[in-house]
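Colleague: Okay, sequence plus prediction incoming.
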Amino acid sequence: MRYTLIELVQRILESMDSDEVSDISGTPESLAVANIIKECYYNIISSLDLPEHKGIFQLDASGDSAKPVLMTLPSNALDVLTLQYNTNTVADPTWYPLEYKPLEEFIPIIASNDTSDTSVGTMTSSINGGIFTFKYRKDRAPLFYTSADDRTIIFDSYDSDVDSTLQKVKTLCYGGILPTFELSNTYIPDLDARQFQLLLQDAKAQSFIELKQVPNPTAERKARKNEILAQRTKDAVDTRTALEKIRRYGR
């Protein structure tokens, strides 16, 4: 069963023998409980690596012709698991999978570019307080990418005959996306129904510690039990192969 935020707050307040509320901001204590739920929610999604918080998104373009092969992760993106670039028109895309290279492998690739070649350009970028120069090709779509700080993405090339920089609308990324938690009565946290007991018990245990200064061993045990269960049942769609579903018996 899934609960709205006010329902979660009310259940926790009831277990703490606190005043009843009809709004999460009805009392300082109810608002504090709502914020504890929010904290527990983000702890859960970071620890469980839930599939429902993965999806497709686009990178943000630099918009700067002096930095044509630099892009950045949007603020709600946690990571990039795969990255493709459209080598055709937006209306008729041809998605080409790009290969990630660790920085120590990416640098030798771009260092081999000869700046006397008119098809080679350079750009500078500030990384960890230093200014670095990167060489890139400007006669073809990108093949490789890397990152030095987990937010800035640097590519090996772009096609200057087509665009002035790499384009946001031509990127297709798959990775983790940070959901937004709303402090409103009707908000329903983005979790499967099976994970709501984990959120409820985890928030209840933390509320007792922070607001009542006493532990709630029952809630702590239930939270631990539901965490183990959530790890096993976090995939709503069974992604196992037929072979993986076959039960194997030992002697």
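Modeller: Perfect, thanks for sending it. Please read all numbers here as calculations on a predicted model, not as lab measurements. Residues are numbered from 1 along each chain as shown.
Colleague: Residue 175 pairs with what?
Modeller: residue 55 (DSSP bridges).
Colleague: What is the burial count for it?
Modeller: 17 (other Cβ atoms under 10 Å). C-beta: built from backbone N, CA, C; applies to glycine.
Colleague: Look at residue 164 and give its secondary structure.
Modeller: The local conformation at residue 164, judged by DSSP: H, G, I helix; E, B strand; the rest coil, is coil.
Colleague: Could you pull up the residues touching it?
Modeller: Applying Cβ atoms under 8 Å, 6 or more residues apart in numbering to residue 164 gives the contacts 65, 68.
Colleague: change the start of the numbering to 2 and stick with it
Modeller: With 2 as the first residue, the last one maps to residue 165.
Colleague: Against residue 137, how distant is it?
Modeller: As judged by Cβ to Cβ, to the nearest Å, residue 165 and residue 137 stand 14 Å apart.
Colleague: same check, this time on residue 166
Modeller: For residue 166, the distance to residue 137 equals 11 Å [Cβ to Cβ].
Colleague: swap in residue 42?
Modeller: 41 Å.
Colleague: Flag every buried residue along whichever helix in the chain runs longest.
Modeller: When the chain is parsed with DSSP state H, its longest helix is helix 29-49. Buried positions in helix 29-49, judged by neighbour count with 16 or more other Cβ atoms under 10 Å: 30-32, 34-35, 37-39, 41-42, 45-46, 49.
Colleague: which residues of the stretch 102-251 of the chain fall in strands?
Modeller: Remark: strands assigned in the stretch 102-251 of the chain by DSSP state E, counting those that start in this stretch are 121-128, 131-138, 145-148, 153-156, 172-177.
Colleague: Now the common contact residues for residue 166 and residue 137.
Modeller: Listed contacts common to residue 166 and residue 137 are 69, 70, 159; contacts here mean Cβ under 8 Å, 6+ apart.
Colleague: so which of those comes closest to residue 93?
Modeller: Of all the shared contacts of residue 166 and residue 137, residue 93 sits closest to residue 159, with 19.3 Å by Cβ to Cβ.
Colleague: Count the residues that sit near residue 183.
Modeller: A total of 12 residues lie near residue 183 under the criterion other Cβ under 10 Å.
Colleague: ok, the residue lying closest to it once chain neighbours are set aside - contacts?
Modeller: Nearest non-adjacent residue to residue 183, counting by Cβ to Cβ, 6 or more residues apart in numbering: residue 6, 7.6 Å away. Applying Cβ under 8 Å, 6+ apart, we find residue 6 in contact with 25, 35, 38, 183, 184, 185, 186, 187, 188, 189, 190.
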